[in-house]
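Colleague: coords please:
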Amino acid sequence: MKILILQTNIPGRDVAVKIAEIIVEKRLAACANVLSEATSIYWWEKKLQREIEYPVVFKTTEALKDSLIKELRALHPHDVPEIVFPTLEGVEETYANWIIQETKA
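Modeller: Purely as a prediction, here's the structure:
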């Protein structure tokens, strides 16, 4: 089974933690890491925006990818949330097995 990580940025630490908790509780990800704040600078509605956001990294399986995307879109406060799956060269077998076990309902 293929292991994936999903990366996103969420405005507000409390919101980021709550979204991470919901997704892990629903077993759409085995783990979520809410990282330290980052300043995001981006274009939105023809204006340059600057916002403090919190990077969040989810560990999941390929089988749960669509469900995770759907849940994140429903929970995320942005109209167009960052949903990125960085390419993984490989995942150590025992860690991959842990992710598979923890995402089973």
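Colleague: give the contact list for H76.
Modeller: T8, I10, I19 (C-beta atoms under 8 Å, 6 or more residues apart in numbering). Where you see a C-beta, it was placed from the backbone N, CA and C, and this is true even at glycine.
Colleague: the last one and Y54 touch, don't they?
Modeller: Spelled out, it's I19. No: I19 lies out of contact with Y54 (C-beta atoms under 8 Å); the separation is 9.8 Å.
Colleague: out of the contacts of H76, name the ones that lie in helices.
Modeller: I19 (DSSP state H).
Colleague: what are the buried residues along stretch 87-104?
Modeller: Of the residues in stretch 87-104, A96, I99, T103 count as buried by neighbour count, 16 or more other C-beta atoms under 10 Å.
Colleague: need the pLDDT of the last one.
Modeller: pLDDT for T103: 92.
Colleague: returning to what we had before: out of the contacts of H76, which end up buried?
Modeller: Of those, these count as buried by 16+ other C-beta under 10 Å: T8, I10, I19.
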